[in-house]
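Asks: predicted coordinates and the sequence they were generated for:
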There are 2 protein chains.
Amino acid sequence: MKISSRGEYALRALICLGGKETGLQSIGEISEKTLVPLNYLEQLLLQLKRNGYVQSKRGVNGGYKLSRDPEEIVIGEVIRNLEGPLAPMGCVSVTSYESCPLEAGCLLKPLWARVRDNIAELLDRTTLRDLLEGNV
Amino acid sequence: MKISSRGEYALRALICLGGKETGLQSIGEISEKTLVPLNYLEQLLLQLKRNGYVQSKRGVNGGYKLSRDPEEIVIGEVIRNLEGPLAPMGCVSVTSYESCPLEAGCLLKPLWARVRDNIAELLDRTTLRDLLEGNV
DNA sequence: TGATTGTCGACTAATCTAATCAAGTTTCTA
DNA sequence: TAGAAACTTGATTAGATTAGTCGACAATCA
């Protein structure tokens, strides 16, 4: 039931960008503060950009900044975007359901569904702002 | 946040053994009913045996059966035994904590801790009996 | 123009997952 | 007591995923 480093690292980057610094922060700066390898961070920031969480500027003094208010960045969404569905099994995934031959009378499915609901409920009501303010 | 097939398959086997059949069930029978590859199931049953959940009898008409009452088999424990800690990150794992250089002021840790607590609370109060009776 | 910084795509080493296989050992039953 | 049924053990493997690396390119600004 692990979170992969993609999700963890991306959230670290968002937290870094949501901090006190108001201007742009370069990949290098973010890498230093978050301890995420620079070349790997690059990939994650690009994906965060494609998903509309951050914006960038090239060239001297360029860098990244958030492109939304922290309270409009929902943690559950970020994790889904970066590492796939929150559900522990495909048969109970809302965002990418996969059928299973045993599904009909499956005694496990209701359990997995509750696990999914618990996780999704928590992560979908937590925003970047909550994290920044320690409201967790 | 996936459950691996080890956990899923092992639980299927336990559910199968906890079903109406009272006597021994051979690996072959269990494999057919649960759709778990026979050779793989073999491994999982052995591990379940080492962990004290099932017992076996060799020879003709041999097979496996539960070695505890279903209400004494806690799902959280089974999953921990078969696929490791429930916690989404090492820094919040109760059973196998791993430190992290950012841990001190980490704004994510409280979130992961809540995720862990939610999952563990649910899986540690669910027993095999609950699954068999559909009490989930 | 040249230094700085982001962008993009390909590549890779290591690990994990999900099996598979082969060679036993034990036990039952005919 | 032979022999088949059934469990036991350890080794091996193909494929996927993870986590990262690398190199060339494009934009920006002093």
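Replies: Yes, it's here. Numbering: from 1, shown residues only, chains lettered A, B, ... in the order given.

Asks: in chain A, which spans are helices?
Replies: Taking DSSP state H to define them, one finds helices in chain A at A:5-17, A:27-34, A:38-50, A:75-83, A:109-124, A:128-133.

Asks: for whatever residue of chain A ends up closest to DNA strand D, give me its contacts.
Replies: Nearest to DNA strand D in chain A, going by CB to the nearest atom of the strand, is residue A:59, at a distance of 2.7 Å. C-beta: built from backbone N, CA, C; applies to glycine. Listed by CB atoms under 8 Å, 6 or more residues apart in numbering or on different chains, residue A:59 has no contact partners.

Asks: and the residue located most distally from the centre of chain A, how far from residue B:28?
Replies: The C-alpha centroid of chain A is most remote from residue A:105, which lies 33.9 Å away (CA atoms, centre = their mean). Going from residue A:105 to residue B:28 by CB to CB, to the nearest Å gives 21 Å.

Asks: repeat that for residue A:131.
Replies: 51 Å.

Asks: and those two? which has more neighbours close in?
Replies: Neighbours around residue A:131 and residue B:28, counted as other CB atoms under 10 Å in any protein chain shown, are more numerous at residue A:131. The numbers are 22 against 11.

Asks: tell me how far residue A:59 lies from DNA strand C.
Replies: With distances taken as CB to the nearest atom of the strand, to the nearest Å, residue A:59 is found 5 Å from DNA strand C.

Asks: got the phi and psi for that residue?
Replies: With angles defined as degrees, to the nearest 10, residue A:59 sits at phi 80, psi -180.

Asks: DNA strand D contacts on chain A?
Replies: Within chain A, the positions near DNA strand D by CB under 7 Å from any atom of the strand are A:4-6, A:9, A:36-40, A:42-43, A:57-62, A:83.

Asks: what sits against residue A:71?
Replies: When contacts are counted by CB under 8 Å, 6+ apart, residue A:71 is found next to A:127, A:128, A:129.

Asks: restricted to buried residues, select the residues you listed in ChimeraX.
Replies: The ChimeraX command for the buried members of the contacts of residue A:71 (criterion: 16 or more other CB atoms under 10 Å in any protein chain shown) is given here:
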select /A:127,128
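
Asks: just the contacts of residue A:71 that are near DNA strand C?
Replies: Answer for these near DNA strand C: none qualify (CB under 7 Å from any atom of the strand).

Asks: want to throw the contacts of residue A:71 into JSON lines with pLDDT?
Replies: Converted to JSON lines, those look like this (pLDDT from 0 to 100):
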{"residue": "A:127", "pLDDT": "98"}
{"residue": "A:128", "pLDDT": "98"}
{"residue": "A:129", "pLDDT": "98"}
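
Asks: pLDDT weak spots in chain A?
Replies: By pLDDT under 70, chain A has no low-scoring segment.
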